[in-house]
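**Q** Coordinates for the following, if possible.
(one chain, ligands or ions: 1)
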Amino acid sequence: MRIKQNANLKKYNTFGLNCIAERLFHLENEVDLVEYHQHQNGYAKQKLLFSGGSNLLLCSEIKGTVARIEWDGIKILSETEQDILVEVAAGHSWHEFVLWAIENGYGGIENLSLIPGHVGTAPIQNIGAYGVEVKSSIESLRFYRWETGETEVLNNNVCEFGYRTSVFKTKLRNKGVILSVNFKLTKNEHNLNTKYGSVIDEINKMGKIPSILNISKAIISIRSAKLPDPKNIGNSGSFFKNPIISKNTLIDLREKHKNIPFYVHENASVKLSAGWLIEMSGWKGKSHGDAGMHDKQALVLVNHGNATGEELWDFAKEVKEDVYKNFNINLEPEVNLIGLVNN
Ligand SMILES: Cc1cc2nc3c(=O)[nH]c(=O)nc-3n(C[C@H](O)[C@H](O)[C@H](O)COP(=O)(O)OP(=O)(O)OC[C@H]3O[C@@H](n4cnc5c(N)ncnc54)[C@H](O)[C@@H]3O)c2cc1C
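**A** Okay, here's the model as predicted:
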């Protein structure tokens, strides 16, 4: 197991924040994880985990230890005529896994192309894009519980998946580590999802027909044009969740804001576009120092260079307060706030 003292986490978080951790453990296999957990100095007490670092904002210095999940690999468990069951290690790159599936003709996750991060974190916020959520392809996962040091198998139905949430953000938050995830992917009859107009438009523009490969290519092209690449400009994708409100609240809102866009959600609720609320509040493309909202996508908080995590969060709070003042809607961060003392 590699251990680095006073490690700068800049290259391990997509906001590109300079942040020094007293110790960084590179966990390269599951045995490393157990050793880290049982370390005589009790380093695992803080239990701060990093995977791809694309869904966290480091709001302050890290006083203790960080452990990075780095083991990877894909294993075929079983297959039938219709589908295949694969186990993917937690530290495997999500997008590499999507590309592997497409290359082999396996469907179900093509709409989730180009989402940064690792496979083991995909279930935590039930990653989603272009009308698909990862919960639809997850069969089960292996979970190492800090309290017992035992590994449990959790089936999809106990993961309490919802919009950008799961049991790992509630009851099981900080209670353990996702070690690997089992996915059931289609082999022949793919359930292609092109209900997002921009996807089918892009496929038509390419002069192609819908297929898992062409959907993936179209989505990669749309995302590359619209979202800032963390290699060039620090960000964590959508910073806030799209708010879910009741139909009655929508009726009230529409009296004042006739054009407010909304999407029908489950249980008679509707989803609003957080990006639209932010843009209408005048924050698209605005910055204070190096902290700002992106000029093409108002929902993306960006680090233009040398912003600190605290400055980014202070900026995000201003945006949130303004949206509340204008629409009476409370935006919730989608990104995990690490080391926040007082928000
Ligand atoms: C440009 C960009 C675009 C994005 N687009 C999307 C999108 O379209 N849809 C979407 O849903 N998300 C999107 N995201 C957000 C992000 O990519 C996902 O949430 C991703 O799943 C985070 O994975 P990660 O490995 O980087 O997690 P990290 O940021 O490393 O960790 C996230 C949280 O999980 C904890 N953790 C890490 N590993 C484990 C583990 N193995 N077990 C238990 N806990 C763990 C961490 O402590 C942290 O609290 C985007 C991000 C960026 C930068």
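**Q** In a helix, residue 270, correct?
**A** No - counting by DSSP: H, G, I helix; E, B strand; the rest coil, one finds residue 270 to be strand, located in no helix.
**Q** so how far is residue 290 from the spatially closest residue to it that is not a sequence neighbour?
**A** Spatial nearest neighbour of residue 270, chain neighbours left out: residue 262 (4.4 Å); criterion: C-beta to C-beta, 6 or more residues apart in numbering. For the C-beta atoms, the positions are set from N, CA and C on the backbone; glycine is no exception. As judged by C-beta to C-beta, to the nearest Å, residue 262 and residue 290 stand 33 Å apart.
**Q** Got the phi and psi for the residue in the stretch 51-200 of the chain positioned nearest to the ligand?
**A** Of all residues in the stretch 51-200 of the chain, residue 117 sits closest to the ligand, at 2.3 Å by C-beta to the nearest ligand atom. Backbone dihedrals for residue 117, given as degrees, to the nearest 10, come out at phi 110, psi -180.
**Q** Could you do residue 204 as well?
**A** phi -60, psi -40.
**Q** now swap in residue 119 and tell me
**A** Here residue 119 shows phi and psi, under degrees, to the nearest 10, equal to phi -70, psi -40.
**Q** gap between the residue lying closest to residue 167 once chain neighbours are set aside and residue 169?
**A** Computed as C-beta to C-beta, 6+ apart, the closest residue to residue 167 that is not its neighbour in sequence is residue 160, at 4.2 Å. Here residue 160 is placed at a distance of 9 Å from residue 169 (C-beta to C-beta).
**Q** distance of residue 315 from residue 125?
**A** Separation of residue 315 from residue 125 (C-beta to C-beta): 22 Å.
**Q** go on, residue 161?
**A** Using C-beta to C-beta, we find residue 161 at a distance of 10 Å from residue 125.
**Q** Please apply the same query to residue 232.
**A** In terms of C-beta to C-beta, residue 232 sits 24 Å off from residue 125.
**Q** neighbour-wise, which of the two wins?
**A** Legend: neighbour count by other C-beta atoms under 10 Å for residue 232 and residue 125, higher for residue 125 (23 against 8).
**Q** tell me the contacts of the residue lying closest to residue 269 once chain neighbours are set aside?
**A** In this structure, residue 269 finds its nearest non-sequential neighbour in residue 244, 5.2 Å apart by C-beta to C-beta, 6+ apart. By C-beta atoms under 8 Å, 6 or more residues apart in numbering, the contact set of residue 244 is 163, 265, 269, 270, 271, 272.
**Q** In contact with whichever residue of the stretch 201-343 of the chain sits closest to the ligand, which residues?
**A** Nearest residue of the stretch 201-343 of the chain to the ligand: residue 237, at 2.5 Å (C-beta to the nearest ligand atom). For residue 237, the contacting residues are 54, 55, 115, 116, 227, 300, 334, 335, by C-beta under 8 Å, 6+ apart.
**Q** In strands only, show me those.
**A** Taking DSSP state E, the ones among those that sit in strands are residue 300.
**Q** Do a quick rundown of the strands in the stretch 151-300 of the chain.
**A** 151-155, 176-186, 234-238, 244-246, 262-264, 269-272, 287-288, 291-293, 300-303 (DSSP state E, counting those that start in this stretch).
**Q** now for the fifth one, which elements pack on it?
**A** Judged by 3 or more C-beta pairs under 8 Å, 6 or more residues apart in numbering; DSSP states H and E, the packing partners of strand 262-264 are strand 269-272.
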